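In: coordinates only, sequence not included:
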């Protein structure tokens, strides 16, 4: 059992005792400030959400090969980009190819017996009863909601027509499943609003939308059957029911996958997909090293935050991590067998995530370190601060003077400070980046550069330090560090960037986070329980927008959903007869 | 006429160096839908783009002479075999006007959209290749194809709209499968049997399309636009299925290339980039020759190129900033090394299309390729003194092999001319100082 569950039980017990002693139980400081919530989102499924969802629905032996084109990183997260990303024709082609391959595997002889809940009367013919069973069950998990009867009919008649044309029940069913996997109801996470019965005049997410929001937030995958049951029974929309669901979701092994995805996004680890080093300068750094470095940090994060429920800030000072043979050479240590827990000695400069090979190599050039890139990454990724890009039309002649002798990076970047148009930003990035100079461009420890001893002193927002250990400590104690996590986590969970209207809410979460010792599961719970997480902006109404766009042909042709679906059926079967 | 006035003003701005031509003259060359020549030439004109980062170094890049038979300074020496297929426009500008100027972004975004971006990550709208593909790309299997030599799925200069990049193919092996794998409708195949599974698939798709329309009722205006685009993608898929049910017309110049045996290394060395560029080029050439698409995009390097020279510690972009100018040579030797490798690949790209016979000429003769970069002088990251190139004669409409001085005028004029040549009927392109409504007369045959 996760430690936090134990904690939760313990806390609940203490509270119970407290109530019995006539004391307020959940007296945890200020109450949640009111926000307008968000508009219902329509997020494009990411590659990892697609893969996780299908793995949970069909099992790990159904492979979803391929990587879909990623959304654009927006306000620090790819997840924010997914809330506005469109689907190009070539991306849709990728979805179609994957759908075809997945569907063929699901119905093949090695899977059909346990993935399809029934057997057709005749495998060479259509069997609508069996197809209906499969489509309703699978469709519910893929769409994150029960399909309407009419929707089921559409896909069942596809399966029927396919079976008749191909003389094969399973091939027919596979084409219907391809349709489900290509449907925008699967590829987009679509949220809907409903009136909030507890607050007249306000809107909230409907039960299915709340289930999806929670599921993609915590698990990075669609809801499972039990979560959909809780949505359908109304349990999810009661305080108690929501708490019970959160207990289960936070205790599930799926949480690890979910939080891996979040930190991979927040740390911009997608850059590892293209990370490479100069083969002459760093011959031992390969793509295998790169993925091991990514994995090392994610393992450390999950173990620290989820398995051991430790203080988020201590991630930046902890010497506990995991080592694998591929990384041993860069850490200058004997190779262990496989992934092994490891603690760097107390006198080591390796202390906290900043000293992992992941951070050090990702934010460096292919052939050398980069104090500027490292300093900017620290500001942008970990503190949520914005470092402006360099201006155009700048003459770098100071830095480029062929007569200058700059043995270390400190000497080189100092030149930036002599140019007024560079100095503003470099003063923000370089003093932190320079204290990482004891690690070269592939993350190896070094004490000299060009035979000159490296001065790794620096400061972070007025806190001075001698070396990277001090930097880790200063970062750990910087208020912006936990606040940045809160900001990213809330926008990741609620499906889009935060705005100024969320400031008070974020302050509130910051206080909760601090009160709970900066433990991630408590923060996840606080966000998931909050009213803002479920609330939909007042007055939101797609129908109103509809009228503005009434010239649109599609709306004219589809006045009501039922006549439209009937037409679909007719079209599908007619299509088959041609 | 307001247009005339604007045109005269622009002509005045350009100081007569570029002969501007009024719009009606161009229309004369094209048929109504812009997909084929009014002369009745058999093959349609195909469009391509090519993009790279970090401009050039003027004193060793810009030819001393103008017009035909221009000289080839050292950075573009590699163009010698293909010079007469290329028009080189120099001394062009991208105008940020009152927008902020994020380095590496403003320049190429103006070259591809005509609009200065409002920040360093927001695309103002669709790119030129998308505008042209919407005009000429609806009948082929792919509306357009995009590939990159960088091995990075995020390297693209093609956007359907502000939030939808056309992600490039980065693996030659996967790209080959997509183009010439089992779904390839070989126009020269001896026999043809429609695949019943494709028929079934096509009908399933119509169900998905209805599902999409029904979903449109439930979402807000912006999301409806995204679904509308999704719907368009479904139509494109439907079109692909439909084509596989019909026997394609034979095409003499279409020859299925050999499947690549392995992808190039994922590193960013100039050597790996050149190899990936070559493999992607070969696939794009045949994709066009086999009429699988009429619009292609090739990325040699992203803006702020990260290509590396093995053993040299700085990637291309950092080199342009930090490398001293060699006093004897008068330029940054390593920065120029990167530009030279880039220009070799451009020459190879042009040559690859010129090698394919098509009708009485070559495939390149029936194409127009438009090449842009992010900056002018690489060392200073300028937005003036920018080079733009085109290749191909656009079915005989374009006179090639010329060096044309843009005299500090907007580089969008080249893109605008390309759009008009490709049949896009628009009175102007771009906004504010980048807005143009005149084609470049000197490049017209």
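Out: Received, thanks. Quick caveat, the model's predicted, so the values are computed rather than measured.

In: okay, now the domains of chain B?
Out: Chain B is divided into the following domains under automatic domain parsing: B:2-188+B:255-443, B:193-246.

In: So is the shortest one next to chain A?
Out: Put plainly, it is domain B:193-246. Yes. Using Cβ under 8 Å from any Cβ of the partner chain, we find that domain B:193-246 touches chain A at B:196-197, B:199-208, B:210-234, B:236-237, B:240. The way it works is simple: take the backbone N, C-alpha and C, and place the C-beta from them, glycine included.

In: before we move on, what about stretch B:104-122?
Out: Yes. Using Cβ under 8 Å from any Cβ, we find that stretch B:104-122 touches chain A at B:106, B:120, B:121.

In: Including mean pLDDT and mean neighbour count, could the domains of chain B go into JSON lines?
Out: Output for those, formatted as JSON lines (pLDDT from 0 to 100; neighbours: other Cβ atoms under 10 Å in any protein chain shown):
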{"stretch": "domain B:2-188+B:255-443", "mean pLDDT": "89", "mean neighbour count": "21"}
{"stretch": "domain B:193-246", "mean pLDDT": "91", "mean neighbour count": "20"}
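
In: Relative to residue B:186, how far out is the closest residue to residue A:273 other than its chain neighbours?
Out: Ranked by Cβ to Cβ, 6 or more residues apart in numbering or on different chains and with sequence neighbours excluded, the top spatial neighbour of residue A:273 is residue B:153, at 7.4 Å. Applying Cβ to Cβ, to the nearest Å, the value for residue B:153 to residue B:186 is 28 Å.

In: what do you get for residue B:378?
Out: From residue B:378 over to residue B:186 the distance is 44 Å, taken as Cβ to Cβ.

In: next one: residue A:295
Out: Distance of residue A:295 to residue B:186, given as Cβ to Cβ: 43 Å.

In: Next: residue A:505.
Out: Note on residue A:505: its distance to residue B:186, by Cβ to Cβ, is 59 Å.

In: Also residue B:85?
Out: Remark: distance between residue B:85 and residue B:186 (Cβ to Cβ) = 29 Å.

In: Could you do residue B:440 as well?
Out: 39 Å.

In: Next: residue B:205.
Out: Going from residue B:205 to residue B:186 by Cβ to Cβ gives 23 Å.

In: Likewise for residue B:367?
Out: Residue B:367 is 22 Å from residue B:186, by Cβ to Cβ.

In: For the residue nearest to residue A:273, give me its contacts.
Out: By Cβ atoms under 8 Å, 6 or more residues apart in numbering or on different chains, the contact set of residue B:153 is A:67, A:69, A:70, A:273, A:274, B:167, B:168, B:170.

In: What of residue B:120?
Out: Counting by Cβ under 8 Å, 6+ apart, residue B:120 has contacts A:389, B:100, B:102, B:105.

In: ok, now which ones touch the last one?
Out: Counting by Cβ under 8 Å, 6+ apart, residue B:105 makes contact with B:117, B:120, B:121, B:303, B:374.

In: likewise the first one?
Out: For residue A:389, the set of contacting residues under the criterion of Cβ under 8 Å, 6+ apart consists of B:102, B:103, B:120.

In: can you redo the contacts of residue B:105 as CSV with distance to residue A:510 and secondary structure?
Out: Output for the contacts of residue B:105, formatted as CSV (distance: Cβ to Cβ, whole Å; DSSP: H, G, I helix; E, B strand; the rest coil):
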residue, distance to residue A:510, secondary structure
B:117, 34, coil
B:120, 29, coil
B:121, 27, coil
B:303, 37, coil
B:374, 40, coil
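
In: And residue A:481, its phi and psi?
Out: Per-residue torsions, residue A:481: phi -70, psi -60 (degrees, to the nearest 10).

In: That one and residue A:384 touch, don't they?
Out: No. Contact criterion Cβ atoms under 8 Å: residue A:481 and residue A:384 do not qualify, at 9.3 Å.

In: could I get the domains of chain B as a markdown table with distance to residue A:406?
Out: A markdown table is the format used below for those (distance: least, Cβ to Cβ, whole Å):
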| stretch | distance to residue A:406 |
| --- | --- |
| domain B:2-188+B:255-443 | 10 |
| domain B:193-246 | 50 |
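
In: Between these, which one is closest to residue A:132.
Out: For residue A:132, the closest of those is domain B:193-246, at 15.2 Å, according to Cβ to Cβ.

In: just to revisit the earlier point, out of the residues of stretch B:104-122 next to chain A, who's nearest residue B:274?
Out: residue B:106 (27.7 Å).
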